[in-house]
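[1] here is a sequence with its predicted model. Questions after.
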Amino acid sequence: MMEAFFFFFSVDVLAELGDKTQLLAMAFAAKYAWQTVMAGVFAATVFNHFLAVAVGVYLGSFIDPKTMQLIASVAFIVFGLWTIRGDKLDGEDNASRFSPFWTVVIAFFLAEMGDKTQFATITLAAHYQALLPVLAGTTTGMMLADGLGIIVGMVLHKAIPERALKWIAAVIFIGCGAAGLYGAL
């Protein structure tokens, strides 16, 4: 059980490196107290990932394991390429009529819809058919990655090149996808 949790955790940390929602967390940390940002990120992540896990478990219940491994492997390669492409904020960090907490929750939830971390969560849940471990692992991974993003944004301010983080995450994703394809074929 712990092995699965750490696997799901690791996948989500990698998916979040240099992601739009990590950039969003950094931007909000420049405007609001980091505690408010983390609380909003947590609330949005739990809700978003619960929906993603539910969809994934449902899809996995009627897709055979060999096909699911192929889909997951191709998805990992796509996530790697998506990571290289990168994301940019499109005004999601702009001021809102809501309190800072609800501004973060709403913006983060909407930014996460259709994002690679959401697709990774769906893929993992479909493949492993494990609601709670996937939800716990991916949510914890998201919180760590965004917490690191907030620290980097507040303290180090570009000391770690974003491009280097993206390439490391991309290579790991593509390598895992290639290994999965090799195993499936």
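    Structure's in. What do you need? Numbering: from 1, shown residues only.

[2] low pLDDT regions in this structure?
    Counting by pLDDT under 70, the ranges of the chain that qualify are 1, 79, 83, 86-97, 153-162, 164-165, 169, 172-173, 176.

[3] give me the most central residue, it.
    residue 117 (3.0 Å; Cα atoms, centre = their mean).

[4] check contacts around the residue lying farthest from the centre of the chain.
    Centroid-distance maximum for the chain: residue 185 at 27.4 Å, with Cα atoms, centre = their mean. Contacts for residue 185 (Cβ atoms under 8 Å, 6 or more residues apart in numbering) come out as residue 70. (C-beta placed from N, C-alpha, C; glycine too.)

[5] pull out the buried residues from the longest helix along the chain.
    Counting by DSSP state H, the longest helix found in the chain is helix 34-60. Going by neighbour count (16 or more other Cβ atoms under 10 Å), the buried part of helix 34-60 is 34, 36-38, 40-45, 48-49, 51-53, 56-57, 59-60.

[6] next structured bit after that helix?
    Using DSSP states H and E, the helix or strand that follows helix 34-60 in sequence is helix 65-85.

[7] alpha carbons of that following helix, as CSV, please.
    Provided in CSV are the C-alpha atoms of helix 65-85 (Å, rounded to 0.1, in the frame of the first residue of the first chain):
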residue,chain,number,x,y,z
PRO,A,65,-5.4,-4.3,-18.1
LYS,A,66,-3.2,-4.8,-21.2
THR,A,67,-5.0,-1.9,-23.0
MET,A,68,-4.9,0.2,-19.9
GLN,A,69,-1.1,-0.3,-19.7
LEU,A,70,-0.7,0.8,-23.3
ILE,A,71,-2.9,3.9,-22.7
ALA,A,72,-1.0,4.7,-19.5
SER,A,73,2.4,4.3,-21.3
VAL,A,74,1.4,6.5,-24.2
ALA,A,75,-0.1,9.0,-21.7
PHE,A,76,3.2,9.2,-19.8
ILE,A,77,5.1,10.0,-23.1
VAL,A,78,2.5,12.7,-23.9
PHE,A,79,2.9,14.1,-20.4
GLY,A,80,6.7,14.3,-20.9
LEU,A,81,6.2,16.1,-24.2
TRP,A,82,3.6,18.4,-22.6
THR,A,83,6.1,19.2,-19.8
ILE,A,84,8.7,20.2,-22.4
ARG,A,85,6.1,22.5,-24.1
